[in-house]
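**Student:** Turn this into a model:
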Amino acid sequence: MARENKAEIYEQFNEETPGRTQQSCSVREKLALACKILGANGHGENLAGQITVRADEKPGCFLTPRMGPAFNQVRDEDICLIDDELNVIDSARAVNPAINFHIWLYRARPEIRCLVHTHPPYAAALSMTGQPLEVAHMDSAMFYEDCAYLAEWPGVPFSDEEGRIISAAIGAKRSILLAHHGILTTGASIEEAVYLAVLLERAARMQLLAQSVGTIRKIAPEHAREAHDFLLKPGVVKASFEAWARDFIDEQVSLG
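**Tutor:** Residues are numbered from 1 along each chain as shown. As a prediction, the model looks like this:
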């Protein structure tokens with residue numbers, strides 16, 4: 001097969017091949033799987049992180065895990081339905097009050113379906129240095145010109161003020177590094193938001209490792225933009241999520 005035309009090759013990844021998470025999982029099951037993926041990739045060291053997704057079952061509402069379980073402990077039955085005032089609709093359980101700033105982003109960005117906010121160690125360490133994310137490797141190119149930086153910490157994000165600040169800082173970008181805090185990633189799907197969260201932490205790790213041995217060399221903008229677009233194609237995003245989820249799906253099947 002000829003390999004001269006990149007556009008034809010890239011076209012193959014515009015649509016995903018449905019895997020088991022796309023074929024059989026409900027949104028609640030997929031959200032619980034997403035939590036386990038985040039926990040397995042260093043995003044569950046404490047209870048500070050949150051993930052939310054728009055609820056198809058009730059427009060204007062959202063699904064999120066209840067307050068309490070760490071990401072790797074979340075089960076389908078831990079997923080709560082909340083409204084945009086953070087009232088839990090389907091139970092008496094509490095949810096993380098920091099989800100308030102998620103609501104600001106959903107209001108500002110109708111195309112966003114899912115948000116992930118975590119404090120993973122390498123991204124948290126980078127957030128303490130006063131530096132934005134520096135994209136200089138193919139594996140982090142999905143963040144090229146697509147990761148904002150909030151240089152000042154506005155405090156614990158419980159109030160509307162933090163919601164205004166963070167939603168303004170991210171603008172139209174998919175991701176943001178929050179100084180002295182952590183990361184926030186958005187997606188048109190659960191898979192995309194989780195994919196970006198996992199890879200933003202890996203990008204921060206690469207940056208800190210590279211800086212420990214020398215000066216980071218920049219990459220050509222045209223190559224970075226090409227890689228950005230390819231790495232965000234639905235086929236790449238969904239296949240990555242599927243690969244990360246497979247062990248947890250197999251475990252659930254084996255447990256019956």
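**Student:** contacts, neighbours, all on C-alpha from now
**Tutor:** Fine.
**Student:** isn't residue 152 right up against residue 177?
**Tutor:** No: with contact defined as CA atoms under 8 Å, residue 152 does not reach residue 177; the gap is 10.7 Å.
**Student:** the more surrounded of those two?
**Tutor:** A count of neighbours by other CA atoms under 10 Å puts residue 177 above the other of residue 152 and residue 177, at 26 against 13.
**Student:** Can you tell me the SS state at that one?
**Tutor:** The three-state assignment at residue 177 reads strand, by DSSP: H, G, I helix; E, B strand; the rest coil.
**Student:** how much space is there between it and residue 231?
**Tutor:** In this view, residue 177 and residue 231 are 19 Å apart by CA to CA, to the nearest Å.
**Student:** Extract the CA atoms of stretch 132-150 and return them as PDB.
**Tutor:** Written as PDB, here are the backbone C-alpha positions of stretch 132-150 (Å, rounded to 0.1, in the frame of the first residue of the first chain):
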ATOM      1  CA  PRO A 132       3.000  26.900  31.300                       C
ATOM      2  CA  LEU A 133       3.000  23.500  29.600                       C
ATOM      3  CA  GLU A 134       5.700  23.400  26.800                       C
ATOM      4  CA  VAL A 135       4.800  21.200  23.900                       C
ATOM      5  CA  ALA A 136       8.000  19.800  22.300                       C
ATOM      6  CA  HIS A 137       7.300  16.200  21.600                       C
ATOM      7  CA  MET A 138       4.900  14.300  19.300                       C
ATOM      8  CA  ASP A 139       3.200  12.500  22.200                       C
ATOM      9  CA  SER A 140       2.100  15.900  23.700                       C
ATOM     10  CA  ALA A 141       1.200  17.600  20.400                       C
ATOM     11  CA  MET A 142      -2.500  17.300  21.100                       C
ATOM     12  CA  PHE A 143      -1.900  20.200  23.500                       C
ATOM     13  CA  TYR A 144      -0.100  22.400  20.900                       C
ATOM     14  CA  GLU A 145      -1.800  25.800  21.000                       C
ATOM     15  CA  ASP A 146      -4.600  24.100  22.800                       C
ATOM     16  CA  CYS A 147      -3.600  24.200  26.500                       C
ATOM     17  CA  ALA A 148      -4.200  27.500  28.400                       C
ATOM     18  CA  TYR A 149      -2.400  28.600  31.500                       C
ATOM     19  CA  LEU A 150      -3.900  30.300  34.600                       C
END
